[in-house]
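1. After the sequence you'll find the predicted model.
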Amino acid sequence: MAISTKHAPTPRATLKGRSFLTTEDFTREELSEVLDLAIQYKTLGHGRPLQGRSVALLFFDPSLRTRVSMEIAIQQLGGQAVVLDVGKGTWALEYREGVIMDGDRSEHIKEAARVLSRYVAAIGVRSFPALRSFEEERHDPVLRSFARYSTVPIINMESAMFHPLQAMADVMTIRETFGLVDQRRVVLCWAYHPKPLPMAVPNSFALIAAQFGMDLTIACPPEYELDPELMERIREHARRNGASVRVLHDRREACRGAEVIYAKSWGSRHYYGRWEEERKVRERYREWIVDEALMRLTAQGYFMHCLPVRRNVVVTDAVLDSERSLVIQQAENRLHVQKALLSMLL
């Protein structure tokens, strides 16, 4: 929704020129300013602060919500989205340093990032992990390579380790639902999925929940605990914000009295790149599904998921279609958060 510039909310300039790689690069106050503006945009509308400017969106991997919401966000702000499917509509890109490029990758990110920087005001990058080497991919090599060589802001549209745009939409949804987010009892609940999925969404939700002072419980089988180094930082953010973090391997105990159940599947770092070995472990936890019985243990809790979701595998129809399901609101809020962020960064 657009309104006249005269009455449009004005974004603060404190974030101008910065990249958005992970919420950890920003203070809670800065992130709250983005959410404040997103809520204003959603309720009051906005002007066209990107008039005459272009933003490149590079997709190494598939997308529905991210692609559509980013394109629409840029268009509604008056800008133009330039969407590129890497390796299909463009050259395949190399990110490794010092590599002999005699394979199937025709261009290095060193050149691609610097050239695009001459054309556009910002670059969005979506690049999933290859799920081969945890030690390499935990450092987000593709995203960090763009950030190193670009001279315009880089926006993380989901990388190997983080999905900060989704996390911001998640917090906006919780804030709209409860008003205050501090000390909200939220559970990040691992769920069975037939394939190993990236850790970006659970990493980002756990991180932002701690940054915003929520009492976080992570429910998962022992083989699926998150990266210990990240968990140390999450616990430190929680301590600074007067919140708590606990990890439980009993999902029923974890969900008892919760206000929000955030379901998500992810792969095991212990079996990273060894899918056939992990498959045997994963199959032992097929009962890890969010169903009505689990939701009855909560304090009339709400259900959240980033989508896409496999019905009756991750969550039952009854829970997903219930009045306590926030998944569509989460998806809508991606649009508003991204518009606010683009306005503040550019």
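-> On my side now, so go ahead.

2. Assess the claim that A191 and K264 are in contact.
-> Yes. If you go by Cβ atoms under 8 Å, A191 and K264 touch, sitting 6.6 Å apart. No exception for glycine: its C-beta is placed from N, CA and C like everyone else's.

3. Need the overlap of contacts for these two.
-> Overlap of the contact sets of A191 and K264 (by Cβ atoms under 8 Å, 6 or more residues apart in numbering) consists of V314.

4. Which residues belonging to the longest helix belonging to the chain are considered buried?
-> With secondary structure taken from DSSP state H, the chain has its longest helix at helix 327-345. Within helix 327-345, the residues that count as buried by 16 or more other Cβ atoms under 10 Å are 327, 330-345.

5. And for stretch 178-195?
-> Of the residues in stretch 178-195, those buried by neighbour count under the rule 16+ other Cβ under 10 Å are V181, R184, R185, V186, V187, L188, C189, W190, A191, Y192, H193.

6. And the strands in the stretch 201-346 of the chain?
-> Under the criterion DSSP state E, counting those that start in this stretch, the stretch 201-346 of the chain carries strands at the ranges 215-219, 245-248, 260-264, 302-304.

7. low-scoring stretches of this protein, by residue?
-> Along the chain, segments meeting pLDDT under 70 span 1-13.

8. Distance check, the most centrally placed residue in it against R284.
-> The structure's the chain has its C-alpha centroid closest to H163; by Cα atoms, centre = their mean the separation is 2.3 Å. Shown here: H163 relative to R284, a distance of 27 Å by Cβ to Cβ, to the nearest Å.

9. Count the residues that sit near V281.
-> Residue crowding around V281 was assessed by other Cβ atoms under 10 Å; the count is 15.

10. now swap in T14 and tell me
-> With other Cβ under 10 Å as criterion, T14 counts 12.

11. Grab the nearest non-local neighbour of it.
-> Using Cβ to Cβ, 6 or more residues apart in numbering and skipping residues adjacent in sequence, the residue nearest T14 is E30, 6.6 Å away.

12. is it true that the one you found touches K16?
-> No. Using Cβ under 8 Å, E30 is not in contact with K16, being 11.8 Å away.

13. Which of those two has more residues huddled nearby?
-> Regarding E30 and K16, a neighbour count based on other Cβ under 10 Å identifies E30 as having more, with 15 against 11.

14. helices or strands next to the helix or strand the more buried one falls within in the packing?
-> Element membership for E30 (DSSP states H and E) is helix 28-44. Under the contact definition 3 or more Cβ pairs under 8 Å, 6 or more residues apart in numbering; DSSP states H and E, helix 28-44 sits against helix 164-178, helix 200-211, helix 327-345.

15. The first one: how far from the chain's middle?
-> Here the centre of helix 164-178 is set off from its chain's centre by 11 Å, with Cα atoms, centre = their mean, to the nearest Å.
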